[in-house]
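Participant: Fold the following and give me the result.
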Amino acid sequence: MGRPIRILLVEDNQVFREALELLLGMRADIEIVASVGDGSEAVAACDKHEPQVVLMDYRLPMMDGVQTTVAVKAAHPEIAVVCLTASANSREIEALYEAGATACLTKDQELDDIVDAVKRAANGLG
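Facilitator: As a prediction, the model looks like this:
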């Protein structure tokens, strides 16, 4: 196995963020390099921690997932963005893809599905 995939979590729900950190952190193929609770912190966290993938919520304070995806992709076009949402409609999901997201998943999907999407994104397979 190669080096673990470096992930930045952007999630405002602290309980869900900590659960993701715990579950993904137990995997040998993934390394959570940082987590932030606000979209406005995402670019600075990318600058500092150099993730391969940003795993991001859609509904965030300050900047939503679309605005945050645009900012991350403008500053770091090499970083893949995978969005996780509890409730985004088709127009919002389309906006995420237009902003540069590689994948959009719901928060209730199986962890293996989320990990698969992260791996595909890290390998440029979208």
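
Participant: use CA for all of it now, contacts and neighbours both
Facilitator: OK.

Participant: In what element of secondary structure is the spatially most central residue of the chain found?
Facilitator: Among the residues of the chain, residue 55 comes closest to the average C-alpha position under Cα atoms, centre = their mean, at 1.2 Å. For residue 55, the element it lies in under DSSP states H and E is strand 53-57.

Participant: How about the contacts made by the residue nearest to the centre of the chain?
Facilitator: 7, 8, 9, 10, 81, 82, 83, 84, 118 (Cα atoms under 8 Å, 6 or more residues apart in numbering).

Participant: Would you indicate which residues of the one helix or strand the second one maps to are buried?
Facilitator: The one in question is residue 8. Element membership for residue 8, per DSSP H and E: strand 5-10. Within strand 5-10, the residues that count as buried by 16 or more other Cα atoms under 10 Å are 5, 6, 7, 8, 9, 10.

Participant: how far away is residue 120 from residue 45?
Facilitator: Using Cα to Cα, to the nearest Å, we find residue 120 at a distance of 22 Å from residue 45.
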